[in-house]
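In: My questions are about this predicted structure, shown below with the sequence.
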Amino acid sequence: MTTKGYLANGLFGLGDRLVNEMVAKAVREAVPDVDLYVPQENMAINDKSSYANSLAIAGADIEALKASDFLIAIIDGVEIDSGVAAEIGAFSMLDRPIFALYSDTRQQGRDNTKKIDALIADGTENQFAYRNLFVIGLIKQNGMIAATLEDLIEGMRERNIALKEVQSVNT
């Protein structure tokens, strides 16, 4: 049986495209027979030397979301990418698992009391990153947020996504 998934992330900068390739490769290795939709691979709507209007882009991505058994959302960056946030919102209505990858290093040191005390004393001394809580809530309703690609794959395994054992991947 084929498992269908959707990988949501920005796709216009080199960094995003490389992360998408890395995550897609790890998921394809971990999930036997996965049919993983990665928007940057859909040249019908993402060949930038060609033309696709907003309705074509929305239609292609919504159909892929509807057909997917799970969503992987990369929520790194200064803010969650607006397209990713929209994909999370649309997919959350389907009541299917969402696996988010949030690899921001500012998550480290959350137990450091100096950081907490500095934030309490002066709100501009925030050493942590903020994520939109509505979007985070949509993910947590039926999914999880991982800090590493290995943890993401393990979270998928725990949610019974059909995974095989994989070698450790570098994140």
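Out: That came through, no problem. Numbering: from 1, shown residues only.
In: and the most centrally placed residue in the chain, bridged to which residues?
Out: With distances taken as C-alpha atoms, centre = their mean, A73 lies nearest the centre of the chain, 1.5 Å away. Bridge pairing for A73 (DSSP bridges) gives the partners A8, A100.
In: K4 versus that one, what's the distance?
Out: As judged by C-beta to C-beta, to the nearest Å, A73 and K4 stand 15 Å apart. In this view, the C-beta of every residue, glycine as well, is placed from N, C-alpha and C.
In: quick one: contacts for I88?
Out: By C-beta atoms under 8 Å, 6 or more residues apart in numbering, the contact set of I88 is 8, 71, 73, 80, 98, 100, 135, 138-139.
In: G109 reaches A129, doesn't it?
Out: No. In this structure, G109 is not within contact of A129 by C-beta atoms under 8 Å, at 12.0 Å.
In: Please identify which of the two sits among more neighbours.
Out: Neighbour totals were compared for G109 and A129, and A129 leads with 15 against 12 (other C-beta atoms under 10 Å).
In: Can you report how many residues neighbour the nearest residue to that one once chain neighbours are set aside?
Out: Nearest residue to A129 in three dimensions, chain neighbours excluded: R106, at 4.5 Å (C-beta to C-beta, 6 or more residues apart in numbering). Neighbours of R106 under the rule other C-beta under 10 Å: 12.
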